[in-house]
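Colleague: Whatever this is, show me its structure:
(one chain, ligands or ions: 1)
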Amino acid sequence: MATNLEIFEASKKLIPGGVNSPVRSFRSVGGTPYIVERGKGSYVYDVEGKRYIDYVQSYGAVILGHADSRVTRAICEAAENGTTYGAPTEGELRLAEIITDRVQGAEMVRLTSSGTEATMTALRIARGFTGRDKVVKFDGCYHGHSDSLLAAAGSGVANLGLADSVGVPASAVQSTLVLPYNVVPELDETVAAVFVEPVAANMGLVPPVEGFLEGLRVECDRVGAILIFDEVITGFRIGFSGADGVFGVRADLYTYGKVIGGGLPIGAVAGRTDVMSVLAPVGPVYQAGTLSGNPIATAAGTTVLSLLDEASYMMLEGRAKYLTDGLYKVISEADLPVQVQRFGPLLSVFFSDEPVVDHVSARKSVANGIFRHFFHAMLARGVALPPGPYEAYFPGLAHSWDDIDRTIDIASAAAKEASERHAGSL
Ligand SMILES: Cc1ncc(COP(=O)(O)O)c(C=O)c1O
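Modeller: Below you'll find the model as predicted:
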C-alpha cells in the first residue's frame, strides 16, 4: 500500500508541486497532504486508511456531502446515456429553470465548465454591453484565475504569499482597478463592471458591512456600470436564492459554480435578459465550450438543487452557528487571540484580537503563524480544515451534530497544542 508521502513524492515528479490546484499542496501550512482515496458524507479517507471530518468539501462543491447516494444515482443514470454530445439537452434547460426561478435577478443563464470560465464570460459580457473596458474588483476577492481578474486575488494566491501571478502581462490588468472590500467606491463612466463576492470567502470569511452591497448598486446605476455578484461560493449555499435572496440587492449579472454542479465541473453566468443577449449567437460577444452544459454535471446539479429547500438552509446555518460558538469558546480558553467569523453556513477562524473586515486586516491577522499550528493539530486528530488561513470552512448537510461536537472537542485539544507551539516559536 502506498503512503501519503510516497504518492505525493511521486506526483511531484509528474505534476508541478504534486497538485492540480496550488492550495492542495499544503505550501502555506507545511507538511505532506493527505491523499484522498474516497469520501462519504462528512468524511474523507486517505490512502493510509485514516478518516477525517472534512470541512473542505471540495471548497464548497458538495453541499450534501461526499458521494450522496441520490446524486451518485443521477450521475450514473446520466452517464448510461452518454457523457457529452455537443448538442443541446433538456438537462441544460432544467438547470437554467431552477436558477432563474430562484434568483430574481437571473432571467437567462449560460453554462460553462468552471467558475473561472463563468467570471471570464461575465466580464466579457459587461464590456461588450457597456462598450467600456475598466473593471473594479475588491482586494482579497477571488474571481478565478483569468488574467484580468487575477489581481490582489486572496485565496490560493494569497496562501502562496503572492500579490499577483507572474505570467500575467501588465497590459492584462491595466484596466483592472483593485479597491478595498467593504468600502463603496466612487465610480466614473469609464467603468464597465464591478465584481464582488457578496460575502467574501477567499480572504477567510468576511461578511459585507451594512450598506456595502446596496451602495455598489447605487453607484453602478449612477454611472451605468454592470454589477456582478460572483456567487461561485455563495450561490445556493448561503440561502435558497443565494446572495440575491439574502440581501435583496439585485445584480445585473451573477456567476455560479460549485453547488450547481453537485461536485462535477460546471459554472454559469446568469442575469438580465438585455445584458445576457449580447452573447453569441444572439449578440456579438463570443463565448463557447465543448463540455459546457455537460449532461452529467447538469444531472448532478439539478438533483442537488431539487433536494435543497428553506429547511435545508436553516439546518446548515444552525450547525454552522453551533460550530462557530463552540470553536470560539475552546480557542479562547486556550488563550489564543480568536475571531470566528460566520455568515449563514460559511465560517472561518482568524487568530486575531480584531474583527477582520478586509484584506489588509486579514493579512495582519495571519502574520502570527498560529493557523499553521492549529491546522496540523486538528489534522493529526482527524479534522481536515482547508489548508490555508484565507479559506472558508464548509460544514454541509452531511455533518451530523455528533461530527460537530467531536470537532469542537478536538479543537479544544488542538488549540492548547497550537498555543504551546506558538509560545515555543516566539
Ligand atoms: C468566488 C469565486 N469565484 C470564482 C472561482 C473560480 O471557480 P473555479 O475554481 O471553478 O474555476 C472561485 C473558486 O474558488 C471562487 O471562490
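Colleague: For the residue in the chain that the ligand sits nearest to, list the residues it contacts.
Modeller: With Cβ to the nearest ligand atom, the shortest gap between the chain and the ligand falls at Gly115, namely 2.2 Å. Yep, even glycine has a C-beta here, placed from its N, CA and C like the rest. By Cβ atoms under 8 Å, 6 or more residues apart in numbering, the contact set of Gly115 is Gly144, Val232, Thr255, Tyr256, Gly257, Lys258, Gly267.
Colleague: In JSON lines: those residues, plus distance to the ligand, pLDDT and neighbour count.
Modeller: Below are the contacts of Gly115 laid out as JSON lines (distance: Cβ to the nearest ligand atom, whole Å; pLDDT from 0 to 100; neighbours: other Cβ atoms under 10 Å):
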{"residue": "Gly144", "distance to the ligand": "4", "pLDDT": "96", "neighbour count": "21"}
{"residue": "Val232", "distance to the ligand": "3", "pLDDT": "98", "neighbour count": "30"}
{"residue": "Thr255", "distance to the ligand": "7", "pLDDT": "98", "neighbour count": "30"}
{"residue": "Tyr256", "distance to the ligand": "9", "pLDDT": "98", "neighbour count": "31"}
{"residue": "Gly257", "distance to the ligand": "4", "pLDDT": "98", "neighbour count": "27"}
{"residue": "Lys258", "distance to the ligand": "7", "pLDDT": "98", "neighbour count": "27"}
{"residue": "Gly267", "distance to the ligand": "6", "pLDDT": "98", "neighbour count": "28"}
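Colleague: among these, which are in strands?
Modeller: Under the assignment DSSP state E, these contribute Thr255, Tyr256, Gly267 to strands.
Colleague: list the contacts for the closest residue to the residue of the chain closest to the ligand other than its chain neighbours?
Modeller: Excluding its sequence neighbours, the residue lying closest to Gly115 (Cβ to Cβ, 6 or more residues apart in numbering) is Gly257, at 3.1 Å. With contact set as Cβ under 8 Å, 6+ apart, Gly257 has these partners: Ala61, Ser114, Gly115, Ala118, Val232, Gly235, Ile266, Gly267, Ala268.
Colleague: With distance to Ala193 added, can I get the residues you listed in a markdown table?
Modeller: Below are those laid out as a markdown table (distance: Cβ to Cβ, whole Å):
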| residue | distance to Ala193 |
| --- | --- |
| Ala61 | 25 |
| Ser114 | 19 |
| Gly115 | 16 |
| Ala118 | 13 |
| Val232 | 16 |
| Gly235 | 18 |
| Ile266 | 22 |
| Gly267 | 17 |
| Ala268 | 17 |
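Colleague: Quickly name whichever of these is closest to Val36.
Modeller: Nearest to Val36 among the contacts of Gly257: Ala61, at 13.6 Å, using Cβ to Cβ.
Colleague: Can I get stretch 401-418 as PDB, trimmed to CA atoms?
Modeller: Provided in PDB are the C-alpha atoms of stretch 401-418 (Å, rounded to 0.1, in the frame of the first residue of the first chain):
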ATOM      1  CA  TRP A 401     -24.300  17.100  15.400                       C
ATOM      2  CA  ASP A 402     -22.000  14.400  16.600                       C
ATOM      3  CA  ASP A 403     -19.400  15.400  13.900                       C
ATOM      4  CA  ILE A 404     -19.600  19.000  15.100                       C
ATOM      5  CA  ASP A 405     -19.400  18.100  18.800                       C
ATOM      6  CA  ARG A 406     -16.400  16.000  18.100                       C
ATOM      7  CA  THR A 407     -14.900  18.800  16.000                       C
ATOM      8  CA  ILE A 408     -15.300  21.200  19.000                       C
ATOM      9  CA  ASP A 409     -13.700  18.700  21.400                       C
ATOM     10  CA  ILE A 410     -10.800  18.100  19.100                       C
ATOM     11  CA  ALA A 411     -10.400  21.900  18.600                       C
ATOM     12  CA  SER A 412     -10.100  22.300  22.300                       C
ATOM     13  CA  ALA A 413      -7.100  20.000  22.400                       C
ATOM     14  CA  ALA A 414      -5.700  21.400  19.200                       C
ATOM     15  CA  ALA A 415      -5.900  25.000  20.400                       C
ATOM     16  CA  LYS A 416      -4.000  24.100  23.500                       C
ATOM     17  CA  GLU A 417      -1.300  22.400  21.400                       C
ATOM     18  CA  ALA A 418      -1.200  25.400  19.000                       C
END
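Colleague: Can you tell me what sits against it?
Modeller: Applying Cβ under 8 Å, 6+ apart, the contact partners of stretch 401-418 are 42, 53, 55, 319, 322-323, 326-327, 329-331, 333-334, 336, 370, 373-374, 377-378, 381-383, 395.
Colleague: mind redoing it with 6 Å?
Modeller: The contact list for stretch 401-418 (Cβ atoms under 6 Å, 6 or more residues apart in numbering) reads 42, 53, 319, 322-323, 326-327, 330-331, 334, 336, 370, 373-374, 377-378, 381, 383.
Colleague: Only the buried members of the residues you listed: can you turn that into a ChimeraX selection?
Modeller: The buried residues among those can be selected in ChimeraX (16 or more other Cβ atoms under 10 Å) with this line:
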select :42,53,319,322,323,326,327,330,331,334,336,370,373,374,377,378,381,383
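Colleague: so of the contacts of stretch 401-418, which ones are in strands?
Modeller: If you go by DSSP E, the contacts of stretch 401-418 have Ile53, Val383 in strands.
Colleague: In helices, which of the contacts of stretch 401-418 fall?
Modeller: Taking DSSP state H, the ones among the contacts of stretch 401-418 that sit in helices are Arg319, Tyr322, Leu323, Gly326, Leu327, Val330, Ile331, Ile370, His373, Phe374, Ala377, Met378.
Colleague: Looking at these, which two lie furthest apart in space?
Modeller: Taking Cβ to Cβ, the two most distant members of the ones in helices among the contacts of stretch 401-418 are Arg319 and His373; they sit 25.7 Å apart.
Colleague: Tell me where this structure is predicted with low confidence.
Modeller: Where the chain drops to pLDDT under 70, the residues are 152-163.
Colleague: Alpha carbons of the strand or helix carrying Val135, in PDB - could you do that?
Modeller: Remark: Val135 resides in strand 134-138, with elements defined by DSSP states H and E. Extracted C-alpha coordinates of strand 134-138, given in PDB (Å, rounded to 0.1, in the frame of the first residue of the first chain):
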ATOM      1  CA  LYS A 134     -12.400  49.200 -16.900                       C
ATOM      2  CA  VAL A 135     -13.300  46.600 -14.200                       C
ATOM      3  CA  VAL A 136     -13.400  47.200 -10.500                       C
ATOM      4  CA  LYS A 137     -12.600  44.300  -8.100                       C
ATOM      5  CA  PHE A 138     -12.000  44.300  -4.400                       C
END
